[in-house]
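Q: here is a sequence with its predicted model. Questions after.
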Amino acid sequence: MDFEPKIITFLCTWCSYTGADTAGIARLKTPANVRAIRVPCSGRVAPEIIMRTFDQGADGVLVLGCHIGECHYDSGNHRTAKRIPILRSLMTFTGLEAERLRLDWVSASEGERFSRIVNEFTDTVKQLGPIRWRVENSYQPYTSQAYTAGNTPIIPGLLTKTTRMTDQISELNPQITANIQSAARELLDSGQVTCIIGYEIGTHGRTRPAFVHSPEETERLVWNQDCTHNLTTYLNDKLTTGSNGGTRQPIGIVVKPCDSRSINVHLAENRYNRDDLHVIAVSCNGIRQGAGTTAPTLSTLTTYQERCLSCSQSEPAVYDTYIEQPRGIDNITIEPKGVDSQTAQLDSLSPQERMDFWLGQFDRCIRCYACRQVCPSCDCPTCLYERDDSLWVGLGIGINEKRTFHLGRAFHLAGRCVECNECERVCPVGIPISLINRKLAQEMENIFDHSAGEHPHPPPLVTILGGQEHLP
Amino acid sequence: MIYITQSALNDWLNQIAQQRILIAPVAEGSSMTYRQVSDSSEITGGFDRPDMGIKGAFLPATETLFTIQSGNGSYTISDNVPADEQVIFGVRPCDSRGMLALDALFIETEPVDIHYARRRQNSVIIGLACSTMGEYCFCTNLGSSPTDNQGADLFLTKSGSGYWLDNITEKGRSLLGTYAIQQSEPAHSRPPEIEHSANASLPDLEKWPPLFADEYWEAVGERCLSCRICAYVCPTCRCFDIRDETLPTAEDGAKYERIRCWDSCLGESYSQVAGGHNPRVAKGDRLRNRMYCKFYYFPQQHGPIACTGCGRCVEACPVNIDVTEVLQHVLEATL
């Protein structure tokens, strides 16, 4: 028996649904594989809906809307035009065949066009064969099933990140430490801020976030090569009267130049008032690999984090006080992003291999949500994937649910992720989340010339088309 | 107590793996965890404490409790009580002792949890003594030690190129009866046991109630991210959530499953009640609850403390919230 794919088609009620009617009236043939779902606008077809459709076993998803410029809601289809290429890129990167998701435009009078697109799409999906996206026995360890990618990385060396020895050991930087302490003391003394978020040395020699509320306490603040945490993640609690009981009082915060971009992301989203925040930026000499989770050891040489080797951000994007130091890392040529070669490596694989790779990775996930909680850009009061009434993901800690969470989160970060890699640092089971985030950042750069956090501008996925995009 | 060589142990494990589910520590990427193995060669030797404990073998991250199939006006409910016999190899003392805390709740307290109890009944735990204390370990402060065999059915102590094998329980004896293991002449004498220091750093129960309103919790909570790493890597954290989920089905009618999966009091939605009120709304409240649960509520209600000193939460916490630091504060507090 021939393979008959299940195809879900989302039709905008104004143009494409009427277009389908037109095709019917003209007695044009459309395959029976197509299940039509009528939506008020193609902009209503959120990426979560499409991901859920694939999760539930669809072999192909076709989204049809009004031509650009003809949207009955003016710019609804602009959102669709921007989102779907990004979603396709994300799902392709994790193992879906790109052809299984298609976006096109059909107006009310274009019955013939509707029929042609639907037939074309059905043939394409038929040729691809049954989809392999949803994993049966979601709650069983993935590695014990047919796929065995989890144990050994498919690409040898893919997960071995390149590192470079630092010339210095992560001991306290006395000069910067003193400068931070005096700036903090002054701000607290004058009453300009009620709290300074900085770094202190915790237990086991680990550096950790510190909250300083009085001038006397500022002696706890330190600066060293272990200040890896992106402290701006705490600003949502501190500066908004959120569900965590935060109160709005002016705050001071210590940031590295890379972290300062998160503040721009926040400002673009009107999360808080810029006046409530005093930014103490510190020029950075590179952060030690293993910072925050291990203690620096004097007996062994330490290494820079990979992201620091390719960091070209010497100046903070936002600051009120700037504490400069000679940039030791300048001695090292800025390298092309190591993570770029890894995403390219994954791109060169077959969809099947990519999916095996990613399922092997996601399988270890325990859904502890640490990646989300630590993320300065993840700020929904209740995560879409954790709502009690969530329609987009099951409650279980199974492979399908884990993948949906990770991909959904990655999509929500498209154009908003400043690549601080905190998610990857905190992951207790070592999932290379930065690869997905980097892939989408590349897409945002290629298509929209957008780099998150450079300016306090809204991310491309929430704005209308401007004609400057390089859409595929 | 008998002495066995590494190769005798491998042969024995291979024999077991052919007929039962054998779960053992394996390396996966940069992380180490317990997985089902089909051959002893898959097992990682010379490991420290794996990143995840063995809790998941008894209380899986997610399990289907039963499924419901509807159609033709009737419903069929199929129970999903596990029946597989499993053997867990290479369990560190902190993990095997953690099982005793879980037993206290799931088996020794009514109602008995049938899923957990059945898995417990069908499992043999082969413990393995640690040769040293890891950087984050503090089991000796909680009255245990790297050579503590509580909770294990069989217990191995590495000695030179072989192991000393202790038979602890009837279950262990019966496993040795079913699968014979080859003994050898001991090549080495047995390493000395590490002394237990009886509850050296554990605050008395009375210490806890007066500290409930301590400002300390808010201060630590400021740093907390409200993620669930500490609870999910913990060998004794056992909270779960239950939900009915729909399943795709090819048959007429509909199919549902009732699942239970890990949950944690650190999550904001954990304590939220109908109507939206949340009695533990601040991060510090939730963190305090976790500490009180481990060292006050649980021992009060079920006997053992719900901490084995494995130090996983200390190691994995992204912002260095350290349970030993908290215990130190409680010990020293003079409220």
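A: Cool, got the structure.
Q: the bottom helix or strand of the chain by mean pLDDT?
A: All of this is about chain A. The weakest-scoring helix or strand in chain A, judged by mean pLDDT, DSSP states H and E, is helix A:306-309 (a mean of 80).
Q: oops, chain B please
A: strand B:31-37 (a mean of 83).
Q: partner strands of that one, with direction?
A: Strands that pair with strand B:31-37, judged by DSSP bridges, come out as strand B:21-28 (antiparallel).
Q: what sits up against the strand it pairs with?
A: Residues from elsewhere that reach strand B:21-28 (C-beta atoms under 8 Å, 6 or more residues apart in numbering or on different chains): A:143, A:150-151, A:364, B:13, B:16, B:32-38, B:40, B:42-44, B:47, B:50, B:54, B:57, B:84-90. Glycine gets a C-beta too; all of them are placed from N, C-alpha and C.
Q: switch the cut-off to 6 Å
A: A:150, B:16, B:32, B:34-37, B:42-44, B:47, B:50, B:57, B:84, B:86-90 (C-beta atoms under 6 Å, 6 or more residues apart in numbering or on different chains).
Q: in PyMOL, how would I select the buried members of the residues you listed?
A: The buried residues among those can be selected in PyMOL (16 or more other C-beta atoms under 10 Å in any protein chain shown) with this line:
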select buried, (chain A and resi 150) or (chain B and resi 16+32+34+35+36+37+42+43+44+50+57+86+87+88+89+90)
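Q: and the residue in the stretch 101-250 of chain B that chain A sits nearest to, which of the three is it?
A: Closest contact between the stretch 101-250 of chain B and chain A, by C-beta to the nearest C-beta, is at residue B:227 (3.7 Å). The three-state label given to residue B:227 by DSSP: H, G, I helix; E, B strand; the rest coil is coil.
Q: now swap in the one 3 residues further on and tell me
A: Three states are possible here, and by three-state DSSP the one that applies to residue B:230 is helix.
Q: burial measure for residue 296, as a count.
A: Here I'm looking at chain A. Here the number of neighbours of residue A:296 (other C-beta atoms under 10 Å in any protein chain shown) works out to 19.
Q: let's do chain B instead
A: By other C-beta under 10 Å, neighbour count at residue B:296 equals 21.
Q: if we can go back for a sec, now the least confident helix or strand of chain B: how far from the chain's centre is it?
A: 14 Å (C-alpha atoms, centre = their mean, to the nearest Å).
Q: that one: what's the following helix or strand?
A: Using DSSP states H and E, the helix or strand that directly follows strand B:31-37 along the chain is strand B:62-71.
Q: that next one pairs with which strands, parallel or anti?
A: In its sheet, and by DSSP bridges, strand B:62-71 pairs with strand B:74-79 (antiparallel), strand B:255-262 (antiparallel).
Q: check these for me and report the most buried one.
A: With neighbours taken as mean count of other C-beta atoms under 10 Å in any protein chain shown, those reach their highest mean count in strand B:255-262, at a mean of 20.
Q: which other helices and strands contact the following helix or strand past that strand?
A: Counting by DSSP H and E, the next helix or strand C-terminal to strand B:255-262 is helix B:283-292. Here helix B:283-292 is seen to pack against helix B:216-223 when contacts are counted using 3 or more C-beta pairs under 6 Å, 6 or more residues apart in numbering or on different chains; DSSP states H and E.
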